[in-house]
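Undergrad: build the 3D model from these lines:
(2 chains)
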Amino acid sequence: MNLWREVRLVAAKDLRIEARSRVTVQQIIPFGLIVLLLFAFALDPDRGILRRVAPGLFWVTVLLAALLAVSRSFAIEADNGARDGLRLSGLDGPALFLGKAAAVAIELLALEVVLAATVVVVYGIELNTLVPLILATLAATVGVAATGTLYGVLAAGLRVRETLVPVLLLPVVAPVLLGATRAWEAAIDGIPSDAWPWVALLTVFAILFTAIGMLAFGPLLEEA
Amino acid sequence: MSDRLLKPQVSKALGWLSLAALIVLALFGLWGAPPDEVQSDAQRLMYLHVPAAWIAYLAFGVTALGSALWLWPRTRATVWDRVAGASAELGVIFTALTLVLGSLWGRPVWGVWWAWDARLVTTAVLFFLYLGYLALRRIPASPDARAKRCAIAALIAFVDVPIVHFSVNWWRTLHQQGTVFNERLDAKIHGVMAFTLWFGVLAFTLLYAYLLDRRYRLLALDEDREEREVEQAIAERVGAVS
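TA: The predicted model follows:
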């Protein structure tokens, strides 16, 4: 089997489980929405702060929800020896990594569409220059999914994984939060030239951690 | 010899040497060097702050090197895993020290404990990156599994540092230019002051080497004790059965 088919196989497995269990739709997306609502409580909407900080709040929410998505992605293989099955499947580490990361990325993109629509409607912002905004979002999502999947397998099988993954993942994705937020701000302000350096940074991050993930996933899965 | 880094005599001598160096540093830092023209006595904190920051970077560099050497099949040895772990602990402590000393210095000189300056933010992220690594190290597992996991995590953190540095730099320079930090770097440095600063770096490097050796020894003894306990438990089980 070539790499591409293996990747699709693994991603389809995770997404099929997701389609049947509906954890993203019924738990992770509602979680994101309630966080956006709580931000509005914390930062009084009348003072106009929400509009100014909306990109930052959006991306913080995405990161928090991503923690849940990563946790879920590895919880589905925790029982019934499913991880042993994965190890014995004969699929290569890089393919397993890309497949699982792709599934997480697709779930995150669905979440981001819903959250972005909510931010536009509820926080009252306008998304103007769409091209840099979409590219920044895609690159950031790939970066978060890749690092998340990497730390997910690193912590899989450990009893403390739910608390360990956030502590490991959040500092590493700090540049993603920074880059994606600045890119969104620039796009909303209608200054795309300010967004491009950040899109480049997010792309470098995504490529780098996808490469590391492809190398490290196999050896880490052996120990999980 | 993998349960010791240095011979006991060498380690002891290194300990005394670093203590002596720190005393000399204290004398120079407090009395030998003249007070700064602008910052007066507050500037004396630099004799600790700068060496602490240097050691933090050195320690994380050693952690990355140890991790890489462990992952490389030809050089794989327990030594490198322990060196990486011991050095990361020192790195986190010295990073915390750097942040605290910088904060104490910032209050009288800048008027604030903390500023969202690029270097401060990068150092804070660095601190949390390796705090996570230490948390990972504390999780019990078979030595090989743990070493592999930790080595990969250390390299991920190491790769992330330049990205954090770049992004934070862009962020702060795109928005506000010419913070207090830039002016400070232009300050002329007096002969004795320069000597004290360099001597501080030397003294802290000696201290780092000594602490690394001690921490390494402690890790080795700890692992040895765990092994003995397991053996003893097995022996007791076998004894109870027969």
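Undergrad: the longest helix belonging to chain A near chain B anywhere?
TA: Looking across chain A with DSSP state H, the single longest helix is helix A:192-223. Yes - looking at helix A:192-223 against chain B by Cβ under 8 Å from any Cβ of the partner chain, the contacts come from A:194, A:197-198, A:201, A:204-205, A:208-209, A:212, A:216, A:219-220, A:223. Yep, even glycine has a C-beta here, placed from its N, CA and C like the rest.
Undergrad: over to stretch A:61-69?
TA: No - residues of stretch A:61-69 are not located near chain B by Cβ under 8 Å from any Cβ, the shortest gap being 13.2 Å.
Undergrad: report the mean confidence score over that stretch.
TA: For stretch A:61-69, mean pLDDT is 95.
Undergrad: just stretch B:40-47 next, same as before
TA: pLDDT averaged over stretch B:40-47 gives 83.
Undergrad: now do that stretch: distance from first to last residue.
TA: End-to-end distance for stretch B:40-47: 13 Å, by Cα to Cα, to the nearest Å.
Undergrad: just how off-centre is it within its chain?
TA: Stretch B:40-47 sits 22 Å away from the centroid of its parent chain (Cα atoms, centre = their mean, to the nearest Å).
Undergrad: buried ones in that stretch?
TA: B:42-47 (16 or more other Cβ atoms under 10 Å in any protein chain shown).
Undergrad: so of those, which ones are in helices?
TA: B:46-47.
Undergrad: restrict the buried residues of stretch B:40-47 to those near chain A?
TA: Okay, of those, nothing touches chain A (Cβ under 8 Å from any Cβ).
Undergrad: nearest to A:G32, of the buried residues of stretch B:40-47?
TA: Nearest to A:G32, judged by Cβ to Cβ, of the buried residues of stretch B:40-47 is B:L45 at 44.1 Å.
Undergrad: count the neighbours of A:L57 for me.
TA: Neighbour count for A:L57, taken as other Cβ atoms under 10 Å in any protein chain shown: 22.
Undergrad: that one and A:L36 touch, don't they?
TA: Yes - the pair A:L57 / A:L36 is scored as a contact, 6.7 Å apart, by Cβ atoms under 8 Å.
Undergrad: identify the contacts common to these two.
TA: Taking Cβ atoms under 8 Å, 6 or more residues apart in numbering or on different chains as the criterion, A:L57 and A:L36 both touch A:119, A:123.
Undergrad: what is the neighbour count of A:T203?
TA: 18.
Undergrad: tell me if I'm right that it and A:T137 touch.
TA: No - A:T203 lies out of contact with A:T137 (Cβ under 8 Å); the separation is 11.9 Å.
Undergrad: any idea how far the host helix or strand of A:A69 is from the chain center?
TA: Element membership for A:A69, per DSSP states H and E: helix A:49-75. In terms of Cα atoms, centre = their mean, the centre of helix A:49-75 is found 8 Å from the chain centre.
Undergrad: buried residues in it?
TA: A:49-50, A:53-63, A:65-74.
Undergrad: same check on stretch A:90-101?
TA: In stretch A:90-101, counting by 16+ other Cβ under 10 Å, buried: A:91-101.
Undergrad: who in chain B is up against chain A?
TA: Residues of chain B that fall close to chain A, judged by Cβ under 8 Å from any Cβ: B:125, B:128-129, B:131-133, B:135-136, B:139, B:141, B:144-145, B:148-149, B:152-153, B:155-157, B:159-160, B:163-164, B:166-168, B:170-171, B:174.
Undergrad: ok, of those, which come out buried?
TA: Members of these classed as buried by 16+ other Cβ under 10 Å are B:125, B:128-129, B:131-133, B:136, B:139, B:141, B:148-149, B:152-153, B:155-157, B:159-160, B:163-164, B:166-168, B:170-171.
Undergrad: identify, from the buried residues of stretch A:90-101, the entry nearest to B:V79.
TA: The closest of those, once distances to B:V79 are taken by Cβ to Cβ, is A:G93, at 27.2 Å.
Undergrad: just to revisit the earlier point, now find how far off-centre the longest helix of chain A is within its chain.
TA: 12 Å.
Undergrad: quick one, helices of chain B?
TA: B:8-27, B:46-71, B:78-110, B:118-137, B:143-175, B:180-186, B:191-241.
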